[in-house]
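>>> generate coordinates for the sequence data below:
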Amino acid sequence: MSVSETRDPVELSYEEARDELIQVVQRLEQGGSTLEESLTLWERGEVLAARCEEWLLGARQRLESARQQAGAGTADAAGTDSMEGRA
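Numbering: from 1, shown residues only. Model prediction:
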């Protein structure tokens with residue numbers, strides 16, 4: 001994987017960004033790269049890590065929204081049930 005062949009991180013799914021990040025870390029851990037190559041890999045890794053974090057933050061927000069909607073639906077149903085009991 002050369003950096004010139006890499007895709008724009010914005011286009012990557014979470015899994016693609018994570019997998020590429022794993023490859024970058026492995027290459028850095030292996031050593032043997034020039035300083036310039038190592039810096040380029042490090043920079044790419046930072047961008048990929050940020051992309052993964054964006055995906056995870058978005059997932060958390062979606063889960064929280066779903067929980068709030070489910071909670072509101074439960075509260076509405078409970079309120080309706082208690083009103084029907086009075087009639």
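
>>> which residue packs closest to Leu12, ignoring adjacent ones?
Once flanking residues are discounted, Leu12 sits nearest to Arg51: 6.1 Å by CB to CB, 6 or more residues apart in numbering. Bear in mind the C-beta positions are built from the backbone N, C-alpha and C, glycine included.

>>> is it true that that neighbour touches Asp8?
No. If you go by CB atoms under 8 Å, Arg51 and Asp8 don't touch, sitting 9.7 Å apart.

>>> quick one: which of those two has more around it?
Arg51 (22 against 8; other CB atoms under 10 Å).

>>> in which helix or strand does the more buried one reside?
helix 35-86 (DSSP states H and E).

>>> which helices and strands sit right next to the lowest-mean-pLDDT helix or strand in the chain?
Across the helices and strands of the chain, the lowest-confidence element by mean pLDDT, DSSP states H and E is helix 35-86, at a mean of 86. Here helix 35-86 touches helix 14-30, going by 3 or more CB pairs under 8 Å, 6 or more residues apart in numbering; DSSP states H and E.

>>> what packs against the helix it packs on?
helix 35-86.

>>> just want the most central residue of the protein.
When CA atoms, centre = their mean is applied to the chain, the residue found nearest the centroid is Trp55 (2.2 Å).

>>> quick one: that residue and Arg62, what's the gap?
11 Å (CB to CB, to the nearest Å).
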